[in-house]
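Student: Take this sequence and fold it.
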Amino acid sequence: MAPGLTTSTESCSPAPYGRACAGCSRAKCKCFYRSGSDGSECERCHRLGKTCEPSAAARVRKRKVRTPPPTSRRIEEKLDDLVSLLRSQAGEKQDAGQVPQQPQQYTPQTTPSAPDKLSPTLKTLVSFGDPLASAPTKTRDDPEIAIDTDSNVVHIFRSNSPGPRSFSLSPVYNDVSVHDVPDGTAEEQLATFRRVFLNMFPFVHLPPTMSASELRYEKPFLWLNIMALTTNRVAQQFAMGDTIWRIISQRVITEHLADLDLVLGLVCFAAWSHYFKNDKPFMTILSQVAVATAMELGIHNGGCKNLPHRSRSGWAVYRPNTTQDARTLEERRTMIAVFHVTSSTWTAYRKTEPLRWTPYLDSCLRMLSQGTETYMDIILATQVKCQIITDQLTCPSTDPSLGETGESIKRPSPFLISALRGQVNEIRQSIPEQLRGERILQYYLHSTELTIQETLFTKARLPDQTGLSQFRRIQDLDAIMRSVESWLTVMESMPMLDWPGVNVDVFAQFTHSLVVLFKLTTIDEPGWDTAEVRRRADVFTILDRLCDIIERIPATLGTVEAEGTSRMGLFAKTPHVLRAIKALFAAEMPPGSVVENSAMPQDVAMHTPESAEGGAGGVIVTADYHGNVEENTESFQQARDAVVINPDDFMVSLTDEPWLSDIFGSQWDMGVRPPEFLFAPYEVQ
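Tutor: Okay, here's the model as predicted:
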């Protein structure tokens, strides 16, 4: 290379990467810009006398792959786009003179900043709570989302009262609108339900801050059940009960609608079904409908991947990537409540067995036992734990060796009885100190202990010559007696205002205690003093005292009975039921027994099977006003003020009530003759 060329090249600047001129690029040589040419001419083209032209296409470097922005940033960008769109739409409306007026006052319950404190230049209120609204762009007075377009901030809040809404996510909302309950009255009834009914069976958590109007909007079917239970007008109660049945038949059965509100309403309606019972019990049907609805909703397990579920509108929605921990505490509580109702139904009517216990239900029970949201969950969990123990003793065995029916109840071994007693003690010790005095927990603990102790009735006796086995037999009967006394003591201490909350399960426990007490009163056992039993707890005195309490409840609550109908409210017909049970007990007392402290205002006559058949020589066992039980001829049918048991719309045959007949019939093997009245036709008037 010539020295002059080298000097000339060294004074030039090399072209940047990918910026060589067309001539140098074709010649595959390095391109140098001439000094002072500002990159418009290279040294080679100048030396060769050619026009220096830039290359046609520059080489493009490979771009680096950028990582996607985080989810929060993408959401912010979408909200920014939404705000920009709303700002442009609002500007167009301002130009057209169609800017919607803003609400004058609004006080949200929980919000970072209320809409009236947003930027005064522009406030855009958007509600996503009602997809059925006729005007999607219409401003709502009760928004769920407030967007401040000046500061680009979105506020999510809820108002103190939802206010009237023309549409609801649930079609049941319109179904319950036929019953107009004033706001003040609804709040009082909701407070009564929290204080009286939920303490007996805490199947749902209703926060103290939730108003009746909020409950009606969020859970209209549950709201209707609560209003029906707590109203003091019997006619309105029956009307609401008819509406509840129409919703069940139309929405649940016909339209296959399934949501959490319907499940909770079914549980509530079944647990206190005796309020609405007319001629036949329906708790068994309701409990099975509740189970089917819960399974249709998919809350009976922990959740599976790609499992379709029902939305509040009833449509099936595909839910992907559902984990085992997807269930909310409300869903878990609801499923435990469904099990509670099925177990109560079995205890009361013995037609369907309780819901099968699964590992998922066990996990729900453990979670509720912690009481993280409310202490009432601990009460519900304790009730279910007691029911599980009771069901082990009362549910029929499914062992194929017992026959096709498999309905034989095996006699529990002493080891099993001891283990169950230990479980009851563990449950009692696990209850927090501040809850051990709760009356409802004492009900369930004493009832469970009574069920365990009752198995001693059928305990096998070992022959001996020392009399030790007979002494142990008396000890077993005394243990049963103490369990009955414990349960009845808790019942007698219950305030009158708490009686409306007694559900079917607690009433079944009461009748069970009465039946066991009657067995102890009439059992023929050497060394067992039945007179001492009646001195400690007389079944007839207890029934009289209970009738007196229940007869005073309507006046205390201000209950208004329905006019123009033969149907009576719960507390108007319950004394008749208890007096009928007393008459049945009195008819089964041994001849010559004296029923002390009888408060019946009139004689009670009970047909025996012989007299019911109308044959000659039939016998009527009567309990007169003074309680003297004796046998007489059929001439006693003409006795003054005799109450002949006849049918009516409410009191059907007690043979359809297994809480009485099944307990007598299945375990009446202690040497006492079976009560014939349970198997003979009778009537009550």
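Student: Could you find the closest non-adjacent residue to Ala337?
Tutor: Among residues not flanking Ala337 along the chain, Phe203 sits closest, at 3.6 Å (C-beta to C-beta, 6 or more residues apart in numbering). To be clear about C-beta, it is placed using only N, CA and C from the backbone, and glycine gets the same treatment.
Student: and that neighbour, that one's in a helix?
Tutor: No. Read with DSSP: H, G, I helix; E, B strand; the rest coil, Phe203 is coil and lies in no helix.
Student: wait, what's in contact with Ile379?
Tutor: The neighbourhood of Ile379, defined by C-beta atoms under 8 Å, 6 or more residues apart in numbering, consists of 199, 202, 435, 438, 440-441.
Student: need those residues in JSON lines with neighbour count, secondary structure and distance to Ala326, can you?
Tutor: Below are the contacts of Ile379 laid out as JSON lines (neighbours: other C-beta atoms under 10 Å; DSSP: H, G, I helix; E, B strand; the rest coil; distance: C-beta to C-beta, whole Å):
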{"residue": "Asn199", "neighbour count": "16", "secondary structure": "helix", "distance to Ala326": "31"}
{"residue": "Pro202", "neighbour count": "24", "secondary structure": "coil", "distance to Ala326": "24"}
{"residue": "Leu435", "neighbour count": "15", "secondary structure": "helix", "distance to Ala326": "30"}
{"residue": "Glu438", "neighbour count": "17", "secondary structure": "coil", "distance to Ala326": "32"}
{"residue": "Ile440", "neighbour count": "23", "secondary structure": "helix", "distance to Ala326": "31"}
{"residue": "Leu441", "neighbour count": "20", "secondary structure": "helix", "distance to Ala326": "31"}
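Student: Just the closest of those residues to Glu588, please.
Tutor: Ile440 (31.8 Å; C-beta to C-beta).
Student: So that closest one versus Glu373, what's the distance?
Tutor: 19 Å (C-beta to C-beta, to the nearest Å).
Student: now the helices: where do they sit in the stretch 401-550 of the chain?
Tutor: Using DSSP state H, counting those that start in this stretch, the helices of the stretch 401-550 of the chain run over 414-430, 439-454, 468-492, 504-522, 530-536, 539-557.
Student: elements contacting the first one?
Tutor: The reference is to helix 414-430. Applying 3 or more C-beta pairs under 8 Å, 6 or more residues apart in numbering; DSSP states H and E, one finds that helix 414-430 contacts helix 376-394, helix 439-454.
Student: Of all those, which one comes closest to Trp245?
Tutor: Closest to Trp245 of these is helix 376-394 (C-beta to C-beta; 26.6 Å).
Student: That closest one relative to helix 504-522, how many degrees between them?
Tutor: Computed by axes from the mean of the first three to the mean of the last three C-alpha atoms, to 10 degrees, the angle separating helix 376-394 from helix 504-522 equals 40 degrees.
Student: buried stuff in helix 376-394?
Tutor: Applying a neighbour-count criterion of 16 or more other C-beta atoms under 10 Å, one finds 376-391, 393-394 buried in helix 376-394.
Student: angle of that helix against helix 414-430?
Tutor: 170 degrees.
Student: can I get the helices and strands packed on helix 414-430 in JSON lines with mean pLDDT and distance to Lys30?
Tutor: Putting the helices and strands packed on helix 414-430 into JSON lines (pLDDT from 0 to 100; distance: least, C-beta to C-beta, whole Å) gives the following:
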{"stretch": "helix 376-394", "mean pLDDT": "96", "distance to Lys30": "82"}
{"stretch": "helix 439-454", "mean pLDDT": "95", "distance to Lys30": "94"}
